[in-house]
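Enquirer: the sequence and its predicted three-dimensional model are supplied below.
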Amino acid sequence: MANISIEDIKKLKELSGVGLTDAKQALVEAKGDFDKALAAMRKKGLTKAEKRGDRETREGVIASYIHGDRIGAIVEVNCETSFVAKTDEFKDLAHKLAMQVASMNPQWVSEEDIPAAKMKEAKKEAEATLSGKEPADKKKQIVAAKVSKAFADRVLMSQPYIFDDKKTVADLIKETIAKTGENINVKQFKRIELGVTE
């Protein structure tokens, strides 16, 4: 059996949000390879996070961020309990989301919030780019992918996370869900820029 230190177990527990026993088991299964164990635990945590997605969120915080006295953002982030809402992990997430809104200027929280008329228009444009040779079963997928791509920069959940562009804002939230054990979502946001009105 690989030599597994208590420090590695504690570190894995902290980074992945799993219990000590699960962290130790993951390291044993990965034969002491910390990165491999972390990847496995994150995947496990994210799978659990997906299942929490339909749980009700009535608690949370409103976070704000002001950049250079010229741009400001305010974000309402919800969770299930006031206990989690008071944790540093959750407050840090809310603050980072406010920074994301200030920096990237999204228009909507998720694709579901995009007005139907805009979606219809984007779908029409995507369909116009098809060659007509695509298999019928693939057409729908291709159009859906093109529509998502068209709105990706303007939808908060789809935007690349400003501190790590290898993941989206949705990925960042799922990671925090995995660590806190609660469903988390962004209810609303507002961005204000000096001299700019909607």
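Expert: Right, received. Where do you want to start?
Enquirer: is Ala63 in a helix, a strand, or coil?
Expert: Each residue gets one of three states, and Ala63 gets strand by DSSP: H, G, I helix; E, B strand; the rest coil.
Enquirer: which ones are touching the closest residue in space to it that isn't next to it in sequence?
Expert: Taking CB to CB, 6 or more residues apart in numbering, and ignoring the residues beside it in sequence, Ala63 has Ala94 as its nearest neighbour in space, at 3.6 Å. Every residue, glycine included, has its C-beta placed from N, CA and C. Applying CB atoms under 8 Å, 6 or more residues apart in numbering to Ala94 gives the contacts Gly60, Val61, Ile62, Ala63, Val75, Val77.
Enquirer: and the residues you listed, which of them are buried?
Expert: Judged by neighbour count, with 16 or more other CB atoms under 10 Å as the criterion, the buried members of the contacts of Ala94 are Gly60, Val61, Ala63, Val75, Val77.
Enquirer: so can I have CSV of those residues showing distance to Ile162?
Expert: Written out in CSV, the entries for the buried ones among the contacts of Ala94 read as follows (distance: CB to CB, whole Å):
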residue, distance to Ile162
Gly60, 21
Val61, 20
Ala63, 15
Val75, 14
Val77, 16
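Enquirer: of those residues, which is the nearest to Val196?
Expert: Ranking the buried ones among the contacts of Ala94 by separation from Val196, with CB to CB as the measure, puts Val75 on top at 18.5 Å.
Enquirer: show me what that closest one is bridged to.
Expert: When assigned by DSSP bridges, Val75 has beta-bridge partners Ala63, Phe189.
Enquirer: dump the residue contacts of it.
Expert: If you count contacts by CB under 8 Å, 6+ apart, Val75 has them with Ile62, Ala63, Ser64, Ala94, Leu97, Ala98, Val101, Val186, Gln188, Phe189.
Enquirer: again, only this time at 7 Å
Expert: Applying CB atoms under 7 Å, 6 or more residues apart in numbering to Val75 gives the contacts Ala63, Ala94, Leu97, Ala98, Val101, Val186, Phe189.
Enquirer: and it, how far from Val143?
Expert: Spatial separation of Val75 from Val143 under the definition CB to CB, to the nearest Å is 31 Å.
Enquirer: these two touch, right, Arg154 and Asn105?
Expert: No. Using CB atoms under 7 Å, Arg154 is not in contact with Asn105; the gap is 8.2 Å.
Enquirer: okay, and the residue nearest to Val61 when sequence neighbours are not counted sits in which element?
Expert: What sits nearest to Val61 in space, not counting adjacent residues and going by CB to CB, 6+ apart, is Ala94, at 5.0 Å. Taking DSSP states H and E as the definition, one finds Ala94 inside helix 88-104.
Enquirer: do you know how far the closest residue to Asn105 other than its chain neighbours is from Thr180?
Expert: Closest residue to Asn105 in three dimensions, ignoring its sequence neighbours and counting by CB to CB, 6+ apart: Arg191, at 5.8 Å. As judged by CB to CB, Arg191 and Thr180 stand 26 Å apart.
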